[in-house]
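Visitor: Output the structure for:
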Amino acid sequence: MLNTNPLGFIITTVAASMWLVSSPLASAEQSNVMVILDASNSMWGQIDGQRKIDVAKDVLVDMVRALPDRTSVGLVAYGHGHHHKEKNCKDIALIAGYDDAQSGQFERLLETITPRGQTPIAAALERSADWVVADGIERPTVVLITDGVESCNGDPCAAAGKLASAGIKTTIHVVGYDLKDDQRAAVDCISREGGGSYFDARDTKGLRTALEQVTIDIAQVTTAPQQEEAPKLIFEDDFDGDTLSHAWTVLNENEDAFIVEGGQLLMVGSGEQGLWVEQSANIFRLDNALPTGDWDINVDLKIDLQTGEDSFELGLFRDDQNYLAANVYHHRGDWCHKLEIALFKRVKGKQTSASSLISSNSGHCGQRVHGDVDPVVAALNKEGLRLTLSKRAREYYATVILKGVLDDGDPRLVQTPSLTSLRAPGQPVITIGNYKDVDGEVPGYVDRIEIVAVR
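Guide: Numbering: from 1, shown residues only. Sure thing, here's the model as predicted:
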């Protein structure tokens, strides 16, 4: 059943591990990895002519063989013991402990799993707390592989946060296998709460690529010195002066639609204008190099939302066919008034997106999130927001913090699901405009932009 040793996977992951081991900073740290495998009934489904469970087993074997020598791997499965019609939400078991992997029993035990039941993700994370931690091993890693969302009324995001913070700190990575857009949004928070990464695997090749990256991430944790590093400020511009600094280039410049004064960059957009529009005016490109590794780009600004189709973008831009950008978007229609944060990725003209509502006035917007869209819009005009584009490994996501809108005493924070980009698609940019060609204009006041390298 198992199709082992796909050459491309082994060469890539072993090469990465060899570089890490030979690095002068490397240390021989023992690590534990606990895999939680979805064995619910849906794993009988097929992709590329193969059953999903068979592909998952094959690729898991490859991952285990490619991990550094001083890594012990355990296996938890859910949904394998009871038929899904029984609705058994306690169908969770430790299939292989860390010692089983070391004794070469991992593959044999993996083969015993047959998909049958429900998807109790939250309960599996909670139950795994008893199996993840082993004496003397710091920073264990959990890898959750699922082709569906919680089916047992649990809260996987809360369970992930609890597991990640219980006892020894645990990192949780999630591989979403053949998930729809709304399903990805439902499980992406598990990795965020667990301090790990979300990997989107839409087919067999995607699953191999995702677990290859998981392997490299685990190897980095295993061999890197275990020390905390403070974020490092790489670039900062507070627009002090009366002209743009030499770090900026304005693409398709319209000098009548921007000015630097009073410690702000004032930008005015009108008509359909944005990164997706060919030859769009006043795209402000930062020519400084981005740091290697993980980083955040933060922009503090106010937006005067006037037209009902207002848009501010922060992204990485090569041209209108190739970019990745965070977008704060305001729409006021006959039936829907909403404020939304979205992440768009366009590669050779093909677009992928992920979004989260900040506030809306009705279910006509897709879902009801808070009922306060009018005061939120007013707060953006007066108090402003912080928009952040973040890179973690090969995952990108966007976050908005509304400075004048409080939830339980804290500024409202909304984050998008993540998108994967294997290469950075250009240089940092900001721009403002209308999402459609409507009357009026939208002014934006940028107080500060910074780039921070993070661990």
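
Visitor: C-alpha from now on. contacts and neighbour counts both.
Guide: Noted.

Visitor: tally of neighbours for Ala124?
Guide: Using other Cα atoms under 10 Å, the number of residues around Ala124 comes to 28.

Visitor: avg pLDDT for the helix or strand where it lies?
Guide: Using DSSP states H and E, Ala124 sits in helix 121-132. Mean pLDDT, helix 121-132: 89.

Visitor: Give me the mean pLDDT for stretch 194-204.
Guide: Average pLDDT, stretch 194-204: 85.

Visitor: Use 118 as the first number from now on
Guide: All right, first residue 118 from here; so that's stretch 311-321.

Visitor: Alpha carbons of that stretch, in PDB - could you do that?
Guide: Taking C-alpha atoms only, stretch 311-321 is exported to PDB below (Å, rounded to 0.1, in the frame of the first residue of the first chain):
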ATOM      1  CA  GLY A 311      -0.900  27.100  18.400                       C
ATOM      2  CA  GLY A 312       1.900  29.400  17.300                       C
ATOM      3  CA  GLY A 313       2.500  27.400  14.100                       C
ATOM      4  CA  SER A 314       1.700  27.600  10.400                       C
ATOM      5  CA  TYR A 315      -1.200  26.700   8.200                       C
ATOM      6  CA  PHE A 316      -0.400  24.800   5.000                       C
ATOM      7  CA  ASP A 317      -3.000  24.500   2.300                       C
ATOM      8  CA  ALA A 318      -2.900  21.100   0.400                       C
ATOM      9  CA  ARG A 319      -5.500  21.100  -2.400                       C
ATOM     10  CA  ASP A 320      -4.300  17.800  -4.100                       C
ATOM     11  CA  THR A 321      -1.700  15.100  -3.800                       C
END
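
Visitor: Can you name the residues that contact the closest residue in space to Lys286 that isn't next to it in sequence?
Guide: Nearest residue to Lys286, sequence neighbours excluded (Cα to Cα, 6 or more residues apart in numbering): Arg256, at 5.3 Å. By Cα atoms under 8 Å, 6 or more residues apart in numbering, the contact set of Arg256 is 148-149, 285-288.

Visitor: next one: Glu500
Guide: With contacts defined as Cα under 8 Å, 6+ apart, the neighbours of Glu500 are 419, 520-521.

Visitor: Against Ile164, how distant is it?
Guide: Applying Cα to Cα, to the nearest Å, the value for Glu500 to Ile164 is 49 Å.

Visitor: returning to that earlier point: select only the buried ones of the contacts of Glu500 in PyMOL?
Guide: In PyMOL, a selection of the buried entries from these looks like this (16 or more other Cα atoms under 10 Å):
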select buried, resi 419+520+521
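
Visitor: Relative to Arg540, which of the contacts of Glu500 is nearest.
Guide: The closest of these to Arg540 turns out to be Lys419 (Cα to Cα; 30.7 Å).

Visitor: Leu497 against Ile518, yeah?
Guide: No. Using Cα atoms under 8 Å, Leu497 makes no contact with Ile518, being 10.3 Å away.

Visitor: phi, psi of the nearest residue to Gln438 once chain neighbours are set aside?
Guide: Among residues not flanking Gln438 along the chain, Gly466 sits closest, at 4.4 Å (Cα to Cα, 6+ apart). Main-chain torsions, Gly466, degrees, to the nearest 10: phi 90, psi -10.

Visitor: got a list of what Gly466 touches?
Guide: Shown in contact with Gly466 (Cα under 8 Å, 6+ apart): 437-439.

Visitor: hang on, the earlier thing: narrow the contacts of Arg256 to those in strands?
Guide: Using DSSP state E, 148-149, 288 are the members of those that sit in strands.

Visitor: I'd like those written out as JSON lines, with neighbour count added.
Guide: Listed next are these as JSON lines, based on neighbours: other Cα atoms under 10 Å:
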{"residue": "Ser148", "neighbour count": "23"}
{"residue": "Asn149", "neighbour count": "22"}
{"residue": "Thr288", "neighbour count": "24"}
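
Visitor: closest to Tyr446 among those?
Guide: Thr288 (32.8 Å).

Visitor: just checking, the closest one touches Thr258?
Guide: Yes. Counting by Cα under 8 Å, Thr288 does reach Thr258; the two are 4.8 Å apart.

Visitor: What is the distance between stretch 262-270 and the centre of its chain?
Guide: In terms of Cα atoms, centre = their mean, to the nearest Å, the centre of stretch 262-270 is found 18 Å from the chain centre.

Visitor: residues in contact with that stretch?
Guide: Contacts of stretch 262-270 (Cα under 8 Å, 6+ apart): 152-155, 159-160, 206, 235-239, 273, 291-296, 300, 303-304.

Visitor: how about the helices of the stretch 418-567 of the chain, start to end?
Guide: Along the stretch 418-567 of the chain, the stretches classed as helices by DSSP state H, counting those that start in this stretch are 490-499.

Visitor: What ranges in it fall below the confidence cut-off?
Guide: 480-481, 484-485 (pLDDT under 70).

Visitor: Break the protein down into its domains, please.
Guide: Domain assignment for the chain, taken from automatic domain parsing, gives 124-340, 349-571.

Visitor: how far does the first one sit from the chain's center?
Guide: On the basis of Cα atoms, centre = their mean, domain 124-340 is displaced by 17 Å from the centre of the chain it belongs to.

Visitor: Name every strand pairing with the following helix or strand past the helix holding Ala241 and say which way it goes.
Guide: Next helix or strand after helix 238-249 toward the C-terminus (DSSP H and E): strand 258-263. Strands adjacent to strand 258-263 in the sheet, as given by DSSP bridges, are strand 148-155 (parallel), strand 288-294 (parallel).

Visitor: Helix 238-249 and strand 258-263, what's the angle between them?
Guide: For strand 258-263 against helix 238-249, the angle by axes from the mean of the first three to the mean of the last three Cα atoms, to 10 degrees is 150 degrees.

Visitor: Name the residues of strand 258-263 that are buried.
Guide: 258-263.

Visitor: For it, C-alpha coordinates in PDB please.
Guide: Coordinates of each C-alpha in strand 258-263 appear next as PDB, following Å, rounded to 0.1, in the frame of the first residue of the first chain:
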ATOM      1  CA  THR A 258       5.400  19.900  17.800                       C
ATOM      2  CA  VAL A 259       1.900  18.800  16.800                       C
ATOM      3  CA  VAL A 260       1.100  18.300  13.100                       C
ATOM      4  CA  LEU A 261      -2.700  18.100  12.500                       C
ATOM      5  CA  ILE A 262      -3.700  16.800   9.000                       C
ATOM      6  CA  THR A 263      -7.500  17.200   8.300                       C
END
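
Visitor: Nice, that's everything, thank you.
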